[in-house]
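1. 3D model of this:
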Amino acid sequence: MRKVILIPLHDAQTIAATYIEQLMHHCDRISVSGDIRRHEPNVKDIDIICIPRIGRDGTFTHAQHCIGFREALSGIGVIMQGSSTDSYTGRKLKEGPTLHLYMAKPENWGFVLAISTGCEWFIHNRLAPAWKAAGYKQQANQLLATKGDIPMTIKEESELFSLLRMPYIYPEQRIPERVQQ
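-> Presented below is the predicted three-dimensional model:
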């Protein structure tokens, strides 16, 4: 079993800022997610979500059209999972933790941000039951209407909560001890 090393929040924020700085010039939008966004005092991994800048041809089918983004990403860590052309890549960083990089599109940013912020308990016990009850399902990095598999546009995280008729829950509150039952 792999030993989990926790990093103090401030150190994790510093590490994340370094990689955000490397990628931000090639992204239309970029933010931390996961433990850092939830302000966990001890962080297991570095989670970042971004929208790579759209390619010259005006299309966007993930990061493959974003040459500058791919080049910037190529110097970051050792690939453990995914690639620079997938919607997710996991990379072992020289500082020790794993970088989980989620690549979204403008139309699914809000959904991917909510999922990548977590926590896992919150997704499985609050969000997933709510979207199932409302007639939606998750497929890859998007929410689909169950009838017709129609992708839902969720540009902002607050739109997901509105769609699910849930009050917005701030990231810091998305852990079992803090979510009101």
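
2. Local confidence estimate at the residue sitting nearest the centre point of the chain?
-> With distances taken as Cα atoms, centre = their mean, the residue of the chain nearest its centroid is residue 116 (3.4 Å). In this model, residue 116 is scored at 97, pLDDT.

3. Now it. Nearest residue, chain neighbours left out?
-> residue 33 (3.9 Å; Cβ to Cβ, 6 or more residues apart in numbering). To be clear about C-beta, it is placed using only N, CA and C from the backbone, and glycine gets the same treatment.

4. The one you found: what's it in contact with?
-> By Cβ atoms under 8 Å, 6 or more residues apart in numbering, the contact set of residue 33 is 47-49, 102, 113, 116-118.

5. Next one: the residue nearest to the centre of the chain from residue 97, what distance?
-> Distance, residue 116 to residue 97, using Cβ to Cβ, to the nearest Å: 15 Å.

6. hang on, isn't residue 158 packed against residue 168?
-> Yes. Residue 158 sits in contact with residue 168 when judged by Cβ atoms under 8 Å, with a separation of 5.4 Å.

7. Now do the SS call for the residue nearest to the centre of the chain.
-> Here residue 116 is helix, with the state taken from DSSP: H, G, I helix; E, B strand; the rest coil.
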